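In: 3D, please:
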Amino acid sequence: MPLENAGLSKDFVNGQRKRLEALREQLLDAASVASERDRQNDYTNGPLDAGDRAKAATERETDEALDKVTERRLRFIGRALEKIAEGTYGFSDRSGEAIPKERLERVPEAIHTIEEERAHEAGSAGDAITSGERKQQVNAKQRKSA
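Out: Numbering: from 1, shown residues only. Have a look, this model is predicted:
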């Protein structure tokens, strides 16, 4: 039987679940507020001069970048909550290695080790395998460690 939730205590995992749910709500609320603000700005601004258009374009680019970060975090939060339900929270989705508890305390939505995250951010994410193949590899590794 695989080591459930990377050997993390039930209290720790339940606390992380609560943190993840609260973080998800916080991000969704912030995204909703930003979306409403953008809608209001679209309708309340009169004719724009070149400076106003440049400022609006910069704000739009910033908002789009923040939206991508928020979407990624929400995906990771959703996956972390799935992993809690599956009993695999604390194991990397990529390698099946245990994610250190200290990392999970700082980044509860972490689904990869810090090394894997850095490699991904650097653009060298590794093999292009399907999520199904990855899941099989992770499950096999977890069975071996049990």
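In: From here on, just use CA atoms for contacts and neighbour counts.
Out: Will do.
In: Please identify which helix or strand holds Gly123.
Out: Following DSSP states H and E, there is no helix or strand that holds Gly123.
In: Report pLDDT for it.
Out: On pLDDT, Gly123 comes in at 84.
In: Could you count how many residues lie near it?
Out: Using other CA atoms under 10 Å, Gly123 has 9 neighbouring residues.
In: heads up, I number from 651, so please use that
Out: All set: I'll call the first residue 651, so the last point we hit is now Gly773.
In: any idea how far it is from Glu767?
Out: Using CA to CA, to the nearest Å, we find Gly773 at a distance of 10 Å from Glu767.
In: Likewise for Arg723?
Out: Distance, Arg723 to Glu767, by CA to CA: 13 Å.
In: before we move on, what about Ile761?
Out: 9 Å.
In: Give me the more crowded residue out of those two.
Out: A direct count of neighbours by other CA under 10 Å for Ile761 and Glu767 places Ile761 higher, at 25 against 16.
In: need the contact list for that one.
Out: Taking CA atoms under 8 Å, 6 or more residues apart in numbering, we find Ile761 in contact with Phe726, Arg729, Ala730, Tyr739, Gly740, Phe741, Ser742, Asp743, Ile749.
In: 6 Å - rerun?
Out: Ser742, Asp743 (CA atoms under 6 Å, 6 or more residues apart in numbering).
In: So what's the predicted local confidence for it?
Out: 97.
In: Having no further points to raise, I will conclude here.
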